[in-house]
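**Student:** Show me the folded form of this:
(2 chains)
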Amino acid sequence: MIQTDILIIGAGPVGLFTVFEAGLVKLKCHIIDALPQTGGQCSEIYPKKPIYDIPAYPSIMAGELTDRLMEQIKPFSPGFTLGERAETIEKDDEGQFIITTSHGTKHRAPIIAIAAGLGCFEPRKPPVEGLADFENKGVEYIIKDPEFYRGKKVVISGGGDSALDWTNFLADGVASEVTLVHRRPSFRGHPDSVQKVMDLAQAGKINLLTNGEVVGISGNGAVQSVEVKHKSEGMISLETDHWIPLFGLSPKLGPIGEWNLNIKKNAIEVDTFDYSTNVPGIYAIGDINTYPGKLKLILCGFHEATLMVQSAYKRIYPDKNLVLKYTTVTGVPGM
Amino acid sequence: MENTIKVIVIDRNDERHEIEAPTDMNMNMMELCKSYELPVEGTCGGMAMCASCHMYVLSAHDLPERSDDEEDMLDEAFNVEDNSRLGCQIRLEDSLNDIEVKLAPVG
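**Tutor:** So this is what the prediction gives:
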């Protein structure tokens, strides 16, 4: 069991900055994030995009903002549980929260700070009828172990790097037959991977089906074939053991929506006094929260994190007086 | 009204919304839909880095070609047709008066 003072859900900029503010009042933090890396949207969606409204940075790349926040919080040695989704929450006899992740990792803390942005990133699922019935029965959104596909017929959908890379990998003596289906003749992936796929198609080692989209699945308990709608050739049926749709990730509110918090339009309602939710001890900060006048800006999230930590401190130490100390006076450990 | 155009948005229930759109506020179709509380996510905020504002342009308006970024993101959308666009890449301009779009199914 991982024990901490403030358990933060979401390793985006607001979650990371919470560690700094908590560190100033000597509260320990641990962060859970469903993505394998820190930075949230900043690293997952737009690492190379410049942001212009971070005070004192006329322009900073989203990826660099993440790196700098990581540097800023290093003195406070936060813990991380990455690549695991916060799944369930319960309260123990001592009034502490226990959060268990998708991998079964348990965390315990008196304070929860939900800084989950738009939710957790999950594979984007094609709107194909009956898709859910075939999940893990031939339909997989993530390739965990390529050996699973040895000797099998595989259809991959998508036009990005993961679709190209896995096509190349599985075609190299792993799967018995690989078909790549993509909506247009050009690919957005790395030029080397694109060339390799084109070469394999030329050599007849994979089936490359462009201008097509998988629109149907059939099978008796497990996938037996997929239907491809082709721009010029109409419907094509492909016999296959697996269909792997690789259409990137998109954020979903996920299990947090089931935690008995007041939710309004996919956001958690908070009191702007301290960004507390309707459940005492649980706070929501950054893009995940909503209140009258809310703006989804990183800089507003930083403010919310700062006030939230003050309130959390008073909850943990109700008898102690917290006096605001400026970092210019006290400094920061290790600086 | 000056600097205002009429935009027709057909939602996912085939309901037709005739809305007024300002052309002097540097707005795009995704932002317009959100401001009228039409069900468009616009997850990335308009950077053409998600595909949650996918829509079909039904009228014959002359729009700028899709950029590479837009094409790339449409690869992550579903039910992509020849008239598919990302709403965030359609800038509201006077020439788009009476433009008609239909929201693509949620993917």
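
**Student:** And the strands in the stretch 101-250 of chain A?
**Tutor:** Ranges of strands within the stretch 101-250 of chain A are A:106-109, A:111-114, A:120-123, A:153-157, A:177-182, A:207-210, A:212-218, A:225-230, A:234-239, A:242-245, A:249-252, based on DSSP state E, counting those that start in this stretch.

**Student:** Low-confidence ranges, the stretch 51-200 of chain A, go.
**Tutor:** Judged against pLDDT under 70, the stretch 51-200 of chain A has no low-scoring part.

**Student:** so where do the helices sit in it?
**Tutor:** A:62-73, A:131-134, A:161-171, A:191-202 (DSSP state H, counting those that start in this stretch).

**Student:** circling back: okay if I get the strands of the stretch 101-250 of chain A as a markdown table plus distance to B:Ile90?
**Tutor:** Where you see a C-beta, it was placed from the backbone N, CA and C, and this is true even at glycine. Shown next, in a markdown table, are these (distance: least, C-beta to C-beta, whole Å):
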| stretch | distance to B:Ile90 |
| --- | --- |
| strand A:106-109 | 44 |
| strand A:111-114 | 34 |
| strand A:120-123 | 26 |
| strand A:153-157 | 27 |
| strand A:177-182 | 24 |
| strand A:207-210 | 26 |
| strand A:212-218 | 23 |
| strand A:225-230 | 26 |
| strand A:234-239 | 31 |
| strand A:242-245 | 27 |
| strand A:249-252 | 21 |
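
**Student:** do you know which of the ones you listed lies nearest A:Ile54?
**Tutor:** Closest to A:Ile54 of these, according to C-beta to C-beta: strand A:111-114, at 20.6 Å.

**Student:** now that closest one, how far from the centre of its chain.
**Tutor:** 17 Å (C-alpha atoms, centre = their mean, to the nearest Å).

**Student:** helices or strands next to that strand in the packing?
**Tutor:** Judged by 3 or more C-beta pairs under 8 Å, 6 or more residues apart in numbering or on different chains; DSSP states H and E, strand A:111-114 is in contact with strand A:6-9, strand A:97-101, strand A:282-284, helix A:298-316.

**Student:** would you turn those into JSON lines with distance to chain B and mean neighbour count?
**Tutor:** Output for those, formatted as JSON lines (distance: least, C-beta to the nearest C-beta, whole Å; neighbours: other C-beta atoms under 10 Å in any protein chain shown):
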{"stretch": "strand A:6-9", "distance to chain B": "19", "mean neighbour count": "28"}
{"stretch": "strand A:97-101", "distance to chain B": "24", "mean neighbour count": "18"}
{"stretch": "strand A:282-284", "distance to chain B": "18", "mean neighbour count": "27"}
{"stretch": "helix A:298-316", "distance to chain B": "11", "mean neighbour count": "20"}
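
**Student:** As JSON lines, those with distance to B:Leu96 would be great.
**Tutor:** Shown next, in JSON lines, are these (distance: least, C-beta to C-beta, whole Å):
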{"stretch": "strand A:6-9", "distance to B:Leu96": "42"}
{"stretch": "strand A:97-101", "distance to B:Leu96": "47"}
{"stretch": "strand A:282-284", "distance to B:Leu96": "38"}
{"stretch": "helix A:298-316", "distance to B:Leu96": "32"}
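
**Student:** Out of those, which gets nearest to A:Ser237?
**Tutor:** Nearest of the helices and strands packed on strand A:111-114 to A:Ser237, taken as C-beta to C-beta: strand A:97-101 at 40.2 Å.

**Student:** how far out from the middle of the chain is the closest one?
**Tutor:** Offset of strand A:97-101 from its chain centre (C-alpha atoms, centre = their mean): 18 Å.

**Student:** contact partners of that strand?
**Tutor:** With contact meaning C-beta atoms under 8 Å, 6 or more residues apart in numbering or on different chains, strand A:97-101 is reached by A:1, A:7, A:9, A:32, A:81, A:84-92, A:106-112, A:281-282.
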